[in-house]
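> Let me see the structure of the following:
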Amino acid sequence: MSLEATLQSNVIKYLRRIGAVVDNINGNEFQASIADLLVCYRGRYIALEVKAPNGSLRSGQRRRLRKVQKAGGIGEVIYGIEKVKDIIKSIDGGTVWDNSYY
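Okay, here's the model as predicted:
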């Protein structure tokens with residue numbers, strides 16, 4: 001299993017364990033820019049693009065994450081599970097997640 005696939009699996013397990021609804025999007029030519037994981041947690045929409053440590057976003061993925069952010073959701077690229085845990089902590093703590101900008 002690749003590093004990216006392992007990370008994605010671990011993130012899904014973590015999110016489901018804490019009660020999040022997680023949709024794993026297996027991209028095709030019609031879904032190329034949709035984030036890997038679409039998550040609903042405590043009423044918040046979260047789009048996560050999972051990348052291996054040396055991975056980079058394609059332009060369509062970058063645009064899509066920006067659209068999610070502009071619409072009020074959380075749109076992030078993640079290289080490790082710690083960022084996901086930080087997002088969840090901010091939601092649980094009632095603070096607004098400060099989206100990264102790409």
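
> Please identify the buried residues of the lengthiest helix in the chain?
Longest helix of the chain, by residue count under DSSP state H: helix 3-17. The neighbour-count check on helix 3-17 (16 or more other C-beta atoms under 10 Å) flags 4, 7, 8, 11, 12, 15 as buried. Every C-beta, even on glycine, is put in place using the N, C-alpha and C of the backbone.

> Helix or strand next in line after whichever strand in the chain runs longest, which one?
In terms of residue count, the longest strand belonging to the chain (DSSP state E) is strand 44-50. For strand 44-50, the following helix or strand on the C-terminal side (DSSP states H and E) is helix 59-70.

> list the helices and strands that following helix packs on?
For helix 59-70, the elements it packs on are strand 44-50, strand 74-78, judged by 3 or more C-beta pairs under 8 Å, 6 or more residues apart in numbering; DSSP states H and E.

> Please produce a markdown table containing those, extended by distance to residue 31.
Listed next are the helices and strands packed on helix 59-70 as a markdown table, based on distance: least, C-beta to C-beta, whole Å:
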| stretch | distance to residue 31 |
| --- | --- |
| strand 44-50 | 12 |
| strand 74-78 | 16 |
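
> Now render those as CSV, adding mean pLDDT, mean neighbour count and distance to residue 91.
Below are the helices and strands packed on helix 59-70 laid out as CSV (pLDDT from 0 to 100; neighbours: other C-beta atoms under 10 Å; distance: least, C-beta to C-beta, whole Å):
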stretch, mean pLDDT, mean neighbour count, distance to residue 91
strand 44-50, 97, 21, 6
strand 74-78, 97, 22, 8
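
> Which among those strands is found nearest to residue 88?
Distance to residue 88, taken as C-beta to C-beta, is lowest for strand 44-50 among those, at 9.0 Å.

> hey, C-alpha coordinates of that closest one in CSV?
What follows is strand 44-50, C-alpha atoms only, in CSV (Å, rounded to 0.1, in the frame of the first residue of the first chain):
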residue,chain,number,x,y,z
ARG,A,44,-19.3,21.2,9.1
TYR,A,45,-18.4,20.4,5.5
ILE,A,46,-14.8,19.3,5.2
ALA,A,47,-13.0,18.5,1.9
LEU,A,48,-9.6,16.8,2.3
GLU,A,49,-7.1,16.2,-0.4
VAL,A,50,-4.8,13.5,0.8
